[in-house]
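Visitor: pasting a predicted model and its sequence here:
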Amino acid sequence: LYLKYVRFEKNLSANSIASYNRDINQLVRFIQKDEEKDLTALNLSNFRCFLKHLDNFRYSNRTMIRKYSSLLNFFKFLEQNKYISVNLSRYIIPPKSRRSLYSFLSETEMKRLLENAYTEDIRGVRNRALMEFMYSTGARVSEVENMKLSDLKLGRCEARVFGKGRKYRTVYINKSSLFWLKKYIDLRNEPIYSNKRESYQESGREENKGQDFLFLNRYGKRLTSRSIRNIVRESLLAAGIDKKISPHGIRHSFATHLLQEGAGIREIQELLGHENISTTQIYTHLNIKKIRQDYKKFHPRS
């Protein structure tokens, strides 16, 4: 019932709902571990035990903040609907966020990653088109995963992405990304590939019917976030780049390079789809770090 509420009333993304579900189920399993209890038996004592139990997992600060947020909202829902009698939400104080500087690629490294890609077959062309698109648009991996052909406006060098908060925004496709997208789309429309896709979509799986996703695997199915992460990791190894960069790291590279070239923070916020400017301001810290490094490197008396 609660998950339906956050989906339709709070308008949360599928990824956020999945995270909420995992966090709540973790609490439920803990309560039911020793005795046959349900959430109506929840009280301050066993909730504090649960928080202590979480320490065993050594979660990151960011994960803990999300878990606290999930449970805080869940408890408010239970209290408002009289499922529990104790007002637990008043006792939840989320940990403070510790902002860390994100990993990103330099412009030289980004160029090497893209230009080193193997492009002698459709898989290689797809991977090049995928990474070019991520760097050109700064899109989140979940947004790339759910991109459809109908979202592309290649004549205007634009695309429409469905982002956080279930909102659409426009992103822009540069010349290099446009070239590789067109090449990939032409190749995937060849009979040997399009027949596989049609065969898969006619196999009775509801989630694929009428869903003409942009980036596909060899079976004609949508390329998943996990597959995209693997592609980025393998491409970094092939390019000889010794950095742990995820698809989100390419998004960070996109924003950092724009800022270094003089783009305004508000424009970057719009391109990234950040609701709050404070989320975007992490990139100003990245730029300050670079300025300090350059100062120490080039100032004659530093």
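Guide: Right, received. Where do you want to start? Residues are numbered from 1 along each chain as shown.
Visitor: what's the burial count for residue 121?
Guide: Residues lying near residue 121 (other Cβ atoms under 10 Å) number 10. Placement of C-beta: from N, CA and C, glycine included.
Visitor: please disregard the earlier target; I meant residue 276.
Guide: Residue 276, neighbours per other Cβ under 10 Å, totals 8.
Visitor: with residue 277 instead?
Guide: 11.
Visitor: likewise for the one 4 residues further on?
Guide: Around residue 281 there are 14 other residues, counting by other Cβ under 10 Å.
Visitor: what sits against it?
Guide: With contact taken as Cβ atoms under 8 Å, 6 or more residues apart in numbering, residue 281 is in contact with residue 265.
Visitor: how near is it to residue 251?
Guide: Per Cβ to Cβ, to the nearest Å, residue 281 is found 16 Å from residue 251.
Visitor: how about residue 275?
Guide: 16 Å.
Visitor: between these two, which one's more packed in?
Guide: Neighbours per residue (other Cβ under 10 Å) separate residue 275 from residue 251, with residue 251 holding more: 22 against 12.
Visitor: so where do the helices sit in the stretch 151-300 of the chain?
Guide: 175-188, 191-201, 225-238, 247-260, 265-272, 277-280, 282-298 (DSSP state H, counting those that start in this stretch).
Visitor: out of those, flag the one nearest residue 9.
Guide: Smallest distance to residue 9 across the helices of the stretch 151-300 of the chain (Cβ to Cβ): 23.1 Å, for helix 277-280.
Visitor: give me the domain ranges for this structure.
Guide: Following automatic domain parsing, the chain resolves into domains at 2-91, 107-297.
Visitor: these: lowest mean pLDDT?
Guide: Comparing mean pLDDT across these, the weakest is domain 2-91, with a mean of 83.
Visitor: chain center to that domain, what's the gap?
Guide: 23 Å (Cα atoms, centre = their mean, to the nearest Å).
Visitor: that one spans what distance, first to last residue?
Guide: 21 Å (Cα to Cα, to the nearest Å).
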